[in-house]
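here you go, sequence then predicted model.
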Amino acid sequence: MDIILKKDMPNLGEKDDIVNVKDGYARHYLIPNGMAVIATKSARKMHEENMRQRSHKIEKIRKEAQKQADKFANTKFRIGAKTSSTGKIFGSVNEIILAETLEKEGITVDRKNIKLDDPVKEVGKYKASVKLYKDIEAEFEFEVYSEE
């Protein structure tokens, strides 16, 4: 069954995407919870018209996201953490701390859009990526150092 997504759904699609899912999943979960509508002819026409009207707004958002991605390419971030004598961090550096560090640098990013393979538990240099728009991701490097 073809449906039009009303919300971003991880592993399924972004808002306003037309995707094909199993009938039961659509009828018993997505549609009753307001996450999607059935992609009938009239719904598709309405969707196309809405997308046509929003295309210039989307282009503007894409340009802003690309500018922000360019900021990441030239910037390296440093995060201070309390450590033991062996270089192990008390706690860990995770997406929340990365989001706060980026905010201090003047880059506002939702912590849910930051992807870090594993929480950082030792001093060193690491890489993370941030999803800025549907298909625009920026990878950045950060260094964790001891505050002592």
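Looks like it arrived, so ask away.

C-alpha only now, for contacts and for neighbours.
OK.

over to the residue of the chain positioned farthest from its centre. Which of the three states is it?
Largest separation from the mean C-alpha position in the chain: Ser85, at 35.3 Å (C-alpha atoms, centre = their mean). Under DSSP: H, G, I helix; E, B strand; the rest coil, Ser85 falls in the coil class.

over to Glu137?
From three-state DSSP, the assignment for Glu137 is strand.

quick one: it from Arg62, how far?
According to C-alpha to C-alpha, to the nearest Å, Glu137 and Arg62 sit 11 Å apart.

check contacts around Pro10.
Listed by C-alpha atoms under 8 Å, 6 or more residues apart in numbering, the contact set of Pro10 is empty.

am I right that Thr108 is in a strand?
No - counting by three-state DSSP, Thr108 is located in no strand; its state is coil.

how much space between the most centrally placed residue in the chain and His28?
The centre of the chain sits closest to Asn113, judged by C-alpha atoms, centre = their mean, with a distance of 2.7 Å. Shown here: Asn113 relative to His28, a distance of 28 Å by C-alpha to C-alpha.

one more: Met9?
16 Å.

neighbour count for those two, which is higher?
Using other C-alpha atoms under 10 Å, the more surrounded residue of Met9 and His28 is Met9, with 14 against 10.

just the strands in this protein please.
Along the chain, the stretches classed as strands by DSSP state E are 2-5, 18-20, 36-38, 76-81, 88-93, 114-115, 120-122, 124-133, 136-146.

closest one to His56 among these?
Nearest to His56 among the strands of the chain is strand 124-133 (15.1 Å), distances taken as C-alpha to C-alpha.

what are the C-alpha coordinates of the closest one, in CSV please?
The C-alpha coordinates for strand 124-133 follow below in CSV (Å, rounded to 0.1, in the frame of the first residue of the first chain):
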residue,chain,number,x,y,z
GLY,A,124,41.8,11.5,22.3
LYS,A,125,40.6,12.6,18.9
TYR,A,126,37.3,11.3,17.5
LYS,A,127,34.9,11.9,14.7
ALA,A,128,31.1,12.3,14.7
SER,A,129,28.5,13.3,12.1
VAL,A,130,25.5,15.5,12.2
LYS,A,131,22.4,15.3,9.9
LEU,A,132,21.5,18.8,8.9
TYR,A,133,18.9,18.1,6.3
